[in-house]
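S.K.: Structure, please.
(chains A and B)
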Amino acid sequence: MAGKPTLHYFNGRGRMECIRWLLAAAGVEFEEKFIEKPEDLDKLKNDGSLMFQQVPMVEIDGMKLVQTRAILNYIATKYNLYGKDMKERALIDMYSEGVADLGEMIMHFPLCPPAEKDAKLTLIREKTTNRYLPAFENVLKSHGQDYLVGNKLSRADIHLVELLYYVEELDPSLLANFPLLKALKARVSSLLAVKKFLQPGSQRKPPMDEKIIKVKKVFRF
Amino acid sequence: MLGGTEGRRRRGRQRMRWLDGITDSMDFDEEFLETKEQLQKLQDGNHLLFQQVPMVEIDGMKLVQTRSILHYIADKHHLFGKDLKERTLIDMYVEGTLDLLELLIMHPFLKPDDQQKEVANMAQKAIIRYFPVFEKVLRGHGQRFLVGNQLSLADIILLQTILALEEKIPNILSAFPHLQEYTVKISNIPTIKKFLEPGSKKKPPPDDIYVRTVYNIFMP
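M.R.: Predicted structure coming up:
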């Protein structure tokens, strides 16, 4: 079905950003309808557009998809970014879920109460350098290929590279001991569609700031 | 791997067992984590990609991350619909249900003062956000299963969640006649029925021993 997908979410990263990255990397143009006041969200709820009364919601191919993972799974399958068989899919899933776990910690960090921030940051750094980045570096080392799974770009590479950008925003030195991850980041970033998405003026969203934190509090997000 | 699968996990994480239990050809073994040393051994031996359980050894792989494991088993046993659209519906239903199930999984680890409040929160979410969706789906197509007129991962995860909620809130389905009928019908599927009988690998509700074991293993 022709027509671009439409993304319904706040004007910020949150749970929609990984979807934006995946669509962008797949070379898919998309539109966005931003939720800016409570009435916007109420309208979507009252329309029956949100299966569980929640966003993200993506209108695509005649469907109103909700639940981040369901949306990602659909896009990845449609655009051949999900491996060639069940076993590759399992590996891609494992890697993507690991990325999501660390991503979740980093995403919530700005919302952390000031008293807890130091401890939280220490935990994130520790998990980044001792648990997650080594796991992915070892995957690349083990097969020596350019991409995580099946010697071909998949959603796992895109999710991971997105995460590496957030790690770098937090503290560039965290990437220091991971040469293969740095190479993957450079490689994926130089793909035409990704390169475009990384440029100013694209639909990529900036880090959370005070204004967005207030908006999230209004929506009890 | 043609024999059974081996699951290594602490007693509480039921999702995999449910899925394994109901697929005919899937007999499985379990290695329970009871001590910190056991976990350490798994971690040191590089058996756990992210140093975490659940982990399921299956078909020559050491799968971690609940959703990856669930998807793999569901795919293998044709519990994921017949095409991408059905699969996507199943995904949405599963993800929504897992949000609710997650509250149940975390519940035993809340402070005792918070536990009572959380039961009310779970009930509210179930009754206002999740159950109406599935009640409407069942009412709408009048079929036995949520998607595509055949058993799928969505039915299994929903049944598990309903039964776990009923343990805490016995009348949770009182406003949902279709879900009540659905629960009975799905529970009577032979493989599921067997799994719901005493002596199966289905785990009992979490108790103090379970909570203590988990703290002992995972706390520094």
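
S.K.: pretty sure residue B:30 belongs to a strand, no?
M.R.: Yes. When classified by DSSP: H, G, I helix; E, B strand; the rest coil, residue B:30 is found to be part of a strand.

S.K.: Read off the pLDDT value for it.
M.R.: pLDDT recorded at residue B:30 is 89.

S.K.: If you count neighbours, what's buried in stretch A:183-196?
M.R.: A:184, A:185, A:188, A:191, A:194 (16 or more other C-beta atoms under 10 Å in any protein chain shown). No exception for glycine: its C-beta is placed from N, CA and C like everyone else's.

S.K.: At which residues are the helices of chain B located?
M.R.: B:15-22, B:36-44, B:66-76, B:84-106, B:112-125, B:131-141, B:153-168, B:177-187, B:190-195, B:208-218 (DSSP state H).

S.K.: Closest to chain B out of the buried residues of stretch A:183-196?
M.R.: For these, the closest approach to chain B (C-beta to the nearest C-beta) belongs to residue A:184, at 17.1 Å.

S.K.: For the helices of chain B, could you give me CSV that also reports mean pLDDT, distance to residue A:164 and mean neighbour count?
M.R.: Converted to CSV, those look like this (pLDDT from 0 to 100; distance: least, C-beta to C-beta, whole Å; neighbours: other C-beta atoms under 10 Å in any protein chain shown):
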stretch, mean pLDDT, distance to residue A:164, mean neighbour count
helix B:15-22, 57, 30, 22
helix B:36-44, 92, 24, 14
helix B:66-76, 94, 21, 22
helix B:84-106, 96, 25, 20
helix B:112-125, 94, 35, 12
helix B:131-141, 98, 36, 16
helix B:153-168, 96, 32, 22
helix B:177-187, 97, 43, 16
helix B:190-195, 92, 42, 15
helix B:208-218, 88, 28, 13
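
S.K.: Throw those helices into JSON lines and include distance to chain A, thanks.
M.R.: Putting the helices of chain B into JSON lines (distance: least, C-beta to the nearest C-beta, whole Å) gives the following:
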{"stretch": "helix B:15-22", "distance to chain A": "13"}
{"stretch": "helix B:36-44", "distance to chain A": "10"}
{"stretch": "helix B:66-76", "distance to chain A": "4"}
{"stretch": "helix B:84-106", "distance to chain A": "4"}
{"stretch": "helix B:112-125", "distance to chain A": "9"}
{"stretch": "helix B:131-141", "distance to chain A": "6"}
{"stretch": "helix B:153-168", "distance to chain A": "11"}
{"stretch": "helix B:177-187", "distance to chain A": "16"}
{"stretch": "helix B:190-195", "distance to chain A": "21"}
{"stretch": "helix B:208-218", "distance to chain A": "14"}
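
S.K.: Those into CSV, with extra columns for distance to residue A:82?
M.R.: Formatted as CSV, these follow (distance: least, C-beta to C-beta, whole Å):
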stretch, distance to residue A:82
helix B:15-22, 20
helix B:36-44, 28
helix B:66-76, 11
helix B:84-106, 11
helix B:112-125, 31
helix B:131-141, 26
helix B:153-168, 17
helix B:177-187, 29
helix B:190-195, 29
helix B:208-218, 32
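
S.K.: Contact partners for residue A:154?
M.R.: A:76, A:81, A:82, A:83, A:88, A:92, A:147, A:148 (C-beta atoms under 8 Å, 6 or more residues apart in numbering or on different chains).

S.K.: ok so, going back, so which of the buried residues of stretch A:183-196 comes closest to residue A:142?
M.R.: Taking C-beta to C-beta as the measure, residue A:142 lies nearest residue A:184 of the buried residues of stretch A:183-196, at 13.7 Å.

S.K.: didn't that closest one look like it was pressed against residue A:159?
M.R.: No. With contacts counted by C-beta atoms under 8 Å, residue A:184 stays clear of residue A:159, the gap being 11.6 Å.
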